[in-house]
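**Student:** My questions concern the predicted model and sequence given below.
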Amino acid sequence: MTLLHVIRPTCVPLAELEQTARTVVRALRSRRPDLKVAVIGGLARIHYSPEGRFTTDVDFLIDDNEEETTLLKNSIAGPIGFAIDGAGELYRDSKSLQGEAARMHVHLIARELCPYVPIGTLELRQMPTTDPDYIPYIALPDLILFKIHACPRRDRYKRAVDATDAEVLLTLANTPLTLTSDQKVVAWNGLEAVLEERPLTERSWWMRELNLP
């Protein structure tokens, strides 16, 4: 099995992305301590398997509807030092590892735009406040399914990234996943798109590692 990594030409330093994630958590906790959130996307992928993967984004699953999530986004923009661009996304400029300008985005993604809210997702008030390095990353099996879910819904470049991420993470898991019936539906619905992007990896491997019938 060959694992190919897609590398962006510019990226934001990992330490800056992680510090931004912690800053967002603090800002959200001060407004909605009962809210469940988790870091997903590229930063979560890097957390579990950093080799060859870069990003300019910090993505959060927000366990609320789109309207409330938009209100939250607007309320934290100033306090965390971000602006809102024409698409309504939080951003600020950063220096990339290559010394080029890189625009960093923070995406607050409402629950209806995600396949599901993982059972282990914590409320902000449940998260440790004494650990300065804590970031609420989504669990590895859930991240794999989120990547598979996202793959057919993305543009060509991001489809390739999501499929590669799913394969890298599933290899890292190193044991067939134990999925609920709903999670198996998520896997089935995105699998064909993943297979199109990863033609050198046999379908039987995916079926075995995802524990699909």
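**Tutor:** That came through fine.
**Student:** what residues are up against the residue positioned nearest the centre of the chain?
**Tutor:** Among the residues of the chain, residue 41 comes closest to the average C-alpha position under C-alpha atoms, centre = their mean, at 1.6 Å. Residues in contact with residue 41 (C-beta atoms under 8 Å, 6 or more residues apart in numbering) are 55, 57-59, 107. Every C-beta, even on glycine, is put in place using the N, C-alpha and C of the backbone.
**Student:** The lowest-mean-pLDDT helix or strand in the chain pairs with which strands, and in what direction?
**Tutor:** One helix or strand of the chain scores below all others by mean pLDDT, DSSP states H and E: strand 90-95, with a mean of 88. Strand 90-95 has its sheet partners listed here by DSSP bridges as strand 83-84 (antiparallel), strand 101-110 (antiparallel).
**Student:** Which of the ones you listed sits closest to residue 45?
**Tutor:** Nearest to residue 45 among the strands paired with strand 90-95 is strand 101-110; the distance by C-beta to C-beta comes to 14.3 Å.
**Student:** Would you mark the buried spots in that closest one?
**Tutor:** Buried positions in strand 101-110, judged by neighbour count with 16 or more other C-beta atoms under 10 Å: 102, 104-110.
**Student:** Same check on stretch 135-154?
**Tutor:** Quick answer for stretch 135-154 (16+ other C-beta under 10 Å): 135-138, 140-152.
**Student:** List the buried residues for the least confident helix or strand of the chain?
**Tutor:** Buried, per 16+ other C-beta under 10 Å, within strand 90-95: 90-91, 94.
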